[in-house]
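Undergrad: Sequence plus the predicted model coming up.
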Amino acid sequence: MDNYTILYLIRHSLQLKDLGNILTEEDSQIKNEKIILTCEGEKKAEELSKSEELQGISELWSSTYVRAISTAKYIAQNNNIKINIDQRLNERKLRKFR
């Protein structure tokens, strides 16, 4: 069998919505990074971590976002591996073009 790498890209689970605040200012980026998962999001993340495809993985990477790390923690626990956290995986702010 040839050596190959399988890469899974997983979006964070259900996040807590901050209905009173629309994140538009530069300072809001810090607040955006700290948004947590809902209770349902935690349950779904744990369920996802038990899927057959995510068993036996050797590396796990996450952005610095709390909700992404919270999703990844279950996968890490099930595979007895650490989460590699890399800021380069964070969201990007794109300019609006007219």
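TA: In hand now; what should we look at?
Undergrad: From now on I want contacts and neighbour counts done on CA atoms only, so please keep to that.
TA: OK.
Undergrad: what comes into contact with stretch 62-71?
TA: The list of residues contacting stretch 62-71 from outside it, by Cα atoms under 8 Å, 6 or more residues apart in numbering, reads 11-13, 15, 32-37, 42, 45-46, 72, 83-90.
Undergrad: show me where the chain has helices.
TA: Secondary structure of the chain by DSSP state H: the helices cover 28-33, 39-49, 66-79.
Undergrad: List the contacts of residue 44.
TA: When the contact criterion is Cα under 8 Å, 6+ apart, the partners of residue 44 are 13-14.
Undergrad: what do you get if the cut-off is 10 Å, keeping everything else the same?
TA: Applying Cα atoms under 10 Å, 6 or more residues apart in numbering, one finds that residue 44 lies in contact with 12-14, 37-38, 71.
Undergrad: gap between it and residue 71?
TA: Going from residue 44 to residue 71 by Cα to Cα, to the nearest Å gives 9 Å.
Undergrad: least trustworthy helix or strand in this protein by mean pLDDT?
TA: With mean pLDDT, DSSP states H and E as the measure, the helix or strand of the chain carrying the lowest mean pLDDT is helix 28-33 (a mean of 77).
Undergrad: how far is it from where the chain is centred?
TA: Computed by Cα atoms, centre = their mean, to the nearest Å, the separation of helix 28-33 from the middle of its chain amounts to 15 Å.
Undergrad: tell me which residues of it are tucked away?
TA: By neighbour count, and taking 16 or more other Cα atoms under 10 Å as the criterion, the buried residues in helix 28-33 are residue 33.
Undergrad: Then stretch 4-19?
TA: For stretch 4-19, burial by neighbour count (16+ other Cα under 10 Å) applies to 12-15.
Undergrad: what would those look like in TSV with distance to residue 55 and pLDDT?
TA: Below are the buried residues of stretch 4-19 laid out as TSV (distance: Cα to Cα, whole Å; pLDDT from 0 to 100):
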residue	distance to residue 55	pLDDT
12	18	85
13	18	85
14	22	85
15	24	88
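Undergrad: Residue 77: neighbour count?
TA: When counting by other Cα atoms under 10 Å, one arrives at 13 neighbours for residue 77.
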